[in-house]
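Here's a sequence, model it:
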Amino acid sequence: MSANPREIIDNGKMHFMQWVVIALMILLNALDGFDVLSSAFAGPGIKAEWGLGPDGLGAVLSMELVGMGFGSLLLGGAADKYGRRPTILFCLILMASGMFLATTAESPQALSAWRFLTGLGIGGMLASIN
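Below is the predicted model of the structure:
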């Protein structure tokens with residue numbers, strides 16, 4: 001038997017903890033879909049509450065996509081440099097913070113900033129878990 005971990009993983013059977021890791025990565029990836037879905041449901045209420053036009057609501061909701069682009073570019077390489085686990089945990093903190101702080105937003109500008117933060121985390125997460 002080889003002592004090379006890569007060969008052991010390539011030639012061995014999947015263990016329980018490997019399945020747990022795969023399940024966790026799928027769940028973390030699903031957070032992206034949850035955030036987009038919840039934004040779509042909240043969109044009409046946001047538009048009515050702050051008197052936004054379609055273009056204003058579109059700008060607020062698209063900030064997450066902009067953040068995802070920057071997150072994948074800025075944080076995607078961090079997984080190679082600092083390791084997958086620290087990068088994924090950092091991105092998870094960014095995502096959770098952005099989602100939580102979005103509930104405290106009292107203006108479209110604040111909501112845009114928190115959605116951008118959420119997008120940074122999601123973009124970094126997607127690039128790291130792939």
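
pretty sure G119 is in contact with G67, am I right?
Yes. Between G119 and G67 there is a contact at 2.2 Å, judged by Cβ atoms under 8 Å. All C-beta spots, glycine's among them, are computed from the backbone N, C-alpha and C.

Just the helices from this protein, written as ranges.
Under the criterion DSSP state H, helices of the chain are mapped to 5-11, 16-50, 54-75, 78-82, 84-102, 108-129.

least reliable of those going by mean pLDDT?
Among the helices of the chain, helix 5-11 has the lowest mean pLDDT, at a mean of 80.

can you give me how far it is from the chain middle?
30 Å (Cα atoms, centre = their mean, to the nearest Å).

Burial check on V36, number of neighbours?
13 (other Cβ atoms under 10 Å).

Correct me if wrong: it contacts E64.
Yes. Here V36 reaches E64: they are 7.4 Å apart, a contact under Cβ under 8 Å.

overlap in contacts of G119 and G67?
G98 (Cβ atoms under 8 Å, 6 or more residues apart in numbering).

Residues in contact with stretch 61-75: which ones?
So stretch 61-75 is contacted by 32, 35-36, 39, 43, 87, 90-91, 94, 98, 112-113, 115-128 (Cβ under 8 Å, 6+ apart).
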